[in-house]
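Colleague: whatever this is, show me its structure:
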Amino acid sequence: MLSGAELWLYKTLTRLAGGRLTKNLQTKWDATGIVKDRFQERLGITAKTRASGRLIWLHARNVTALLPLLGLIEQLNALELGLNFLVTTRKQEDLDALLEQLPDNTIHQFLPIDLARPVQDFLKHWSPDVAVIAEGEFWPRLLTKLHAQAVPLIAVNANMTGKSYRRWQWASSLAKLLLNSFSLVLVQDQQIAQKLKRLGAQSGIIRVTGRLSDAKKLLHYDETLYTGLSLAIGSRSVWLSATTHRDEEDVVVNAYKVALRRNRRLLLILHTAEEKRGAKIAARHENKNLAFALQENGDVPDQMTDVYVTDQAENLATYLRLASVTFCGGTLSKGEAIDPYHPATMGSAIIQGPACGDFEQEYARYRKAGATRLVQNGSDLAQTLNSVIAPDVAATMAHKAWEISSEGGEISGIVTAEILEILANGVLANEAA
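Modeller: Residues are numbered from 1 along each chain as shown. Model prediction:
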């Protein structure tokens, strides 16, 4: 009964403070000025019409967290079941980028504030058949209302930071009530699973699956170029410095020079972020006893080549496949790095610097799995390269990287299957009635 008391307290306090909460939210909303005219959606009011038929609702805090869920829409649309979709976020940022990706049967709205009238009006209008909630967006009034209306709930990428966990411990009975409103909770790792169980979630609803990632497109791969370069390179070990920034070029070449002391047959493919850098790089290192081949001059690497410099961004996937080890350029510079997904899917072990830019979370996941090695400078790079280039080490890391890169598809299949089972059970229940 304590959960009922905690829920009552939450509802009472938010009801009493509702006017002030709404006013503060609108002030912050108006300050962004991005989609000012859509604030009414936060109050449960919409100008959009709900299409007839079954509706799947997908929610995440912001566009970044929502993007992985778009793959579920694609998979379900491929089955041609006549489904409709509602996607919601709380934040306004990057909305235009999201709207461009939504299919015709999908509507975006902003999540209503967790007050009685907005939640009631939102659910009355949209009446979802299934709700998929991402990233631990556990709003008490909304979830308990959905549960009371027998709307099946699925949690994906369920998260529980240390700060959130400590906060929920003060209302552990309410946390237990909310968590057990879900029929399925997919979590990234055992640590998160244990936190949720300690808060009272039933073991039967939790699955440790890894993280559902946004669907990524494979880079263009040129089989003819790959075959030609493979024949020219022969059995030599290859490492790639991918999308290398100007201030990293000398760092990479100098690290390679050190690595040559232990592996004389090592070839460096230096892929630059800027065009026509080959001659300038070669000129700076002409007294270091290195043989350069420059793609900008039409050169092809051979058995005598030490460094092959290329600026062809369209052939990055081909270079990634040639390399057993890839250093992700930009990570020792400005953080304007490639997504680690790309070397991972091409079977390359990964070396990275600390500056990951937009892919901070992605690199962290690969690093945690042992699929990347972190370096801080050129000296670290040389030492790490000598270690990772060993065939057994590179192969082990590449396999771990591939597992991370492919896990999102498996998780989306689990969620899709769960949604289909829920829908099928709903049809059977209606027929029985």
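
Colleague: measure Leu142 to Leu385 for me?
Modeller: Between Leu142 and Leu385 the computed distance is 51 Å (Cβ to Cβ, to the nearest Å). C-beta: built from backbone N, CA, C; applies to glycine.

Colleague: tell me the contacts of Val375?
Modeller: Applying Cβ atoms under 8 Å, 6 or more residues apart in numbering, one finds that Val375 lies in contact with 332, 351-353, 381, 384.

Colleague: try 10 Å
Modeller: 251, 255, 327, 331-332, 351-354, 381-385 (Cβ atoms under 10 Å, 6 or more residues apart in numbering).

Colleague: can you check Ala97 too?
Modeller: 63-64, 67.

Colleague: that one and Leu374, how far apart?
Modeller: 30 Å.

Colleague: this protein: strands as residue ranges?
Modeller: Ranges of strands in the chain, per DSSP state E, are 55-59, 84-89, 106-110, 130-134, 153-158, 184-187, 206-208, 238-244, 267-272, 292-294, 307-310, 325-328, 349-352, 372-374.

Colleague: got JSON lines for those strands, with mean pLDDT too?
Modeller: Output for those, formatted as JSON lines (pLDDT from 0 to 100):
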{"stretch": "strand 55-59", "mean pLDDT": "97"}
{"stretch": "strand 84-89", "mean pLDDT": "97"}
{"stretch": "strand 106-110", "mean pLDDT": "97"}
{"stretch": "strand 130-134", "mean pLDDT": "96"}
{"stretch": "strand 153-158", "mean pLDDT": "94"}
{"stretch": "strand 184-187", "mean pLDDT": "93"}
{"stretch": "strand 206-208", "mean pLDDT": "91"}
{"stretch": "strand 238-244", "mean pLDDT": "96"}
{"stretch": "strand 267-272", "mean pLDDT": "97"}
{"stretch": "strand 292-294", "mean pLDDT": "96"}
{"stretch": "strand 307-310", "mean pLDDT": "96"}
{"stretch": "strand 325-328", "mean pLDDT": "97"}
{"stretch": "strand 349-352", "mean pLDDT": "96"}
{"stretch": "strand 372-374", "mean pLDDT": "97"}
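
Colleague: can you put the ones you listed in a markdown table and add mean neighbour count and distance to Thr46?
Modeller: Supplementary listing: these in a markdown table, determined by neighbours: other Cβ atoms under 10 Å; distance: least, Cβ to Cβ, whole Å:
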| stretch | mean neighbour count | distance to Thr46 |
| --- | --- | --- |
| strand 55-59 | 23 | 13 |
| strand 84-89 | 22 | 10 |
| strand 106-110 | 19 | 6 |
| strand 130-134 | 24 | 17 |
| strand 153-158 | 25 | 21 |
| strand 184-187 | 24 | 28 |
| strand 206-208 | 16 | 34 |
| strand 238-244 | 26 | 43 |
| strand 267-272 | 26 | 48 |
| strand 292-294 | 21 | 59 |
| strand 307-310 | 26 | 52 |
| strand 325-328 | 30 | 43 |
| strand 349-352 | 26 | 44 |
| strand 372-374 | 21 | 44 |
